[in-house]
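Asks: structure, please.
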Amino acid sequence: MSNPLSQHAIAPAEVLRGPGAWSQGVPRIAQLCRRPLLLGRSAATAGLRQQLNADLAAAGLAPRAAQLHHDCCEEDLSRVAIALQDGACDAVVAIGGGKVLDAGKLLAHRQDLVCITVPTSAATCAGWTALANVYTPAGAFLGDVALARCPDLLIFDHTLVRQAPPRTLASGIADAMAKWYEASVSSGASGDGLVQQAVQMARVLRDQLMLEAEAALGDPTSAAWERVAEACGLSAGLIGGIGGARCRTVAAHAVHNGLTQLEASHGHLHGEKVGFGILVQLRLEEVLGGNQLAGQARRQLLPLFRRLGLPVSLEELGLGQAGLHELQQACSFACRDGSDLHHLPFAVGPNDLLAALVSTCSSERQPA
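Replies: This next block holds a predicted model:
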């Protein structure tokens, strides 16, 4: 029996990757637009954005700059949309981390403009995907928005990405590894050939990261760093594009979404919370699903995550002092109707999730 109709936004129209990709990309940007809006946020990248703005101006373009005040939120989006219209801009060039890239993609989608993404870290695959996560101004996750297409141009310049703190790459490693742990549960039994292939690509991605993550973090000038950074920033997005909506996230991202409801977690990166969510999902599979292999996988990941400097407990996520009511609030959000958490093959309630949150590190020294 044939699969029902499925629509995929698989990849950016063009990807430039490698050292010096930005300088090679400037002439391409000039072919795509004349009055781009450069969107950024972080004070740490302000100088870099000024230089990239100057590069575009030197190429004969008339760039205009705008800065986000928060994560990708409607208040910022509305304000920047006015700047887009006032400046008669014909493209959005989003320069920064995942939330900036999401905001740029969503603005371009709503205004039907050319979209160009320039990641400044490998912390997520947001530069690739046709998806944007929306938050409150305070940083609490609200939901995601499917976009009509992936960016028109993705510039993944190794020189720019190498300037990011190592912590961002560790975060990206956890986020990319979640592709396997989530897709294998939600879509491992799919009869759709593209979904099957995406799931297996996610397994290969996970294996490569387990083999090379530490070497990459240890030497940002190495070939291992290049492979790992591109795995996080590019390959993870490709897997999501090929698998489409049926190759879903499950509990790891649902845990992230729940934790963002607590202000104390906001100092931690997206992938750090997702990585903790992987451990929580495996704990749920072990305890509620009776899957002993999940317990073995969790015990395998714990020491690796620690070596990568990733948080593996509520305490390490800044939530050691969180009250029971706050944790219940996060769990209720993660378990709300329509949550990806419910793609697990067994029922999970807020109390079940709370028990898993507080026991991710338990029994880690038991023999497999």
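
Asks: what about the closest residue in space to Asp157 that isn't next to it in sequence, how many residues nearby?
Replies: Distance criterion Cβ to Cβ, 6 or more residues apart in numbering; nearest residue to Asp157, sequence neighbours excluded, is Ala21 at 4.0 Å. For the C-beta atoms, the positions are set from N, CA and C on the backbone; glycine is no exception. Neighbour count of Ala21, defined by other Cβ atoms under 10 Å: 19.

Asks: swap in Asn133?
Replies: Neighbour count for Asn133, taken as other Cβ under 10 Å: 24.

Asks: which pLDDT value goes with it?
Replies: Note for Asn133: predicted pLDDT of 97.

Asks: surely it is in a strand?
Replies: Yes. According to DSSP: H, G, I helix; E, B strand; the rest coil, Asn133 belongs to a strand.

Asks: let me know the secondary structure of the nearest residue to it once chain neighbours are set aside.
Replies: Residue nearest to Asn133 in three dimensions, not counting chain neighbours: Asp144, with 5.0 Å by Cβ to Cβ, 6+ apart. The three-state label given to Asp144 by three-state DSSP is strand.

Asks: now do Asp144 against Pro345, distance only.
Replies: Taking Cβ to Cβ, to the nearest Å as the measure, Asp144 falls 23 Å from Pro345.

Asks: looking at these two, which one has more neighbours?
Replies: Comparing Asp144 with Pro345 by other Cβ under 10 Å, the one with more neighbours is Asp144, at 16 against 13.

Asks: ok, now which ones touch that one?
Replies: 131-134 (Cβ atoms under 8 Å, 6 or more residues apart in numbering).

Asks: got it, and Phe141?
Replies: Phe141 makes contact with 133-135, 256-257, 260-261, according to Cβ under 8 Å, 6+ apart.

Asks: 7 Å instead, please
Replies: Applying Cβ atoms under 7 Å, 6 or more residues apart in numbering to Phe141 gives the contacts 133, 135, 257, 260.

Asks: for the third one, which non-adjacent residue is closest in space?
Replies: The one in question is Asn257. Distances taken as Cβ to Cβ, 6+ apart place Phe141 nearest to Asn257, at 4.3 Å, with adjacent residues excluded.

Asks: mind putting the contacts of Asp144 in a markdown table, distance to Val15 included?
Replies: Formatted as a markdown table, the contacts of Asp144 follow (distance: Cβ to Cβ, whole Å):
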| residue | distance to Val15 |
| --- | --- |
| Leu131 | 17 |
| Ala132 | 19 |
| Asn133 | 21 |
| Val134 | 25 |
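
Asks: between those residues, which is nearest Arg248?
Replies: Leu131 (11.9 Å; Cβ to Cβ).

Asks: beta partners for the closest one?
Replies: For Leu131, the beta-bridge partners are Ala146 (DSSP bridges).

Asks: from Trp22, how far out is it?
Replies: Between Leu131 and Trp22 the computed distance is 24 Å (Cβ to Cβ).

Asks: for the residue nearest to Arg149 when sequence neighbours are not counted, which residues are in contact?
Replies: Excluding the flanking residues, the one nearest Arg149 by Cβ to Cβ, 6+ apart is Ala9, at 5.2 Å. Contacts of Ala9 were listed using Cβ under 7 Å, 6+ apart, and they are 130, 147, 149-150, 241.

Asks: in JSON lines, list those along with pLDDT.
Replies: Formatted as JSON lines, the contacts of Ala9 follow (pLDDT from 0 to 100):
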{"residue": "Ala130", "pLDDT": "98"}
{"residue": "Leu147", "pLDDT": "97"}
{"residue": "Arg149", "pLDDT": "97"}
{"residue": "Cys150", "pLDDT": "98"}
{"residue": "Gly241", "pLDDT": "96"}
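
Asks: from those, which is closest to Val15?
Replies: Cys150 (9.7 Å).

Asks: report the secondary structure state of that closest one.
Replies: Cys150 - assigned by three-state DSSP - is coil.

Asks: how close does it get to Gly241?
Replies: Cys150 is 7 Å from Gly241, by Cβ to Cβ.

Asks: the two: which is more packed in?
Replies: Set Cys150 next to Gly241 and count neighbours by other Cβ under 10 Å: Cys150 wins out with 25 against 22.

Asks: contacting residues for that one?
Replies: 9, 11-12, 128-130, 241.

Asks: looking at the residues you listed, spot the one nearest Gln321.
Replies: Thr129 (34.7 Å).

Asks: find the nearest non-adjacent residue to the closest one, please.
Replies: Gly237 (4.8 Å).

Asks: checking my notes, the one you found in a helix, right?
Replies: Yes. Per three-state DSSP, Gly237 lies within a helix segment.

Asks: separation between the residue positioned nearest the centre of the chain and Asp219?
Replies: With distances taken as Cα atoms, centre = their mean, the residue of the chain nearest its centroid is Thr124 (3.6 Å). With distances taken as Cβ to Cβ, Thr124 is found 22 Å from Asp219.

Asks: thinking again about what came up before, overlap in contacts, Cys150 and Gly241.
Replies: Common neighbours of Cys150 and Gly241 (Cβ under 7 Å, 6+ apart) are 9, 11, 129.

Asks: next, count neighbours for Ser42.
Replies: 17.

Asks: just to check, it is in contact with Gly98?
Replies: No. Contact criterion Cβ atoms under 7 Å: Ser42 and Gly98 do not qualify, at 11.6 Å.

Asks: still on that earlier bit, show me which of the contacts of Cys150 is closest to Leu319.
Replies: Thr129 (28.0 Å).

Asks: ok, the closest one touching Gly240?
Replies: Yes. The pair Thr129 / Gly240 is scored as a contact, 5.8 Å apart, by Cβ under 7 Å.

Asks: more neighbours: those two, which one.
Replies: Legend: neighbour count by other Cβ under 10 Å for Thr129 and Gly240, higher for Thr129 (29 against 25).
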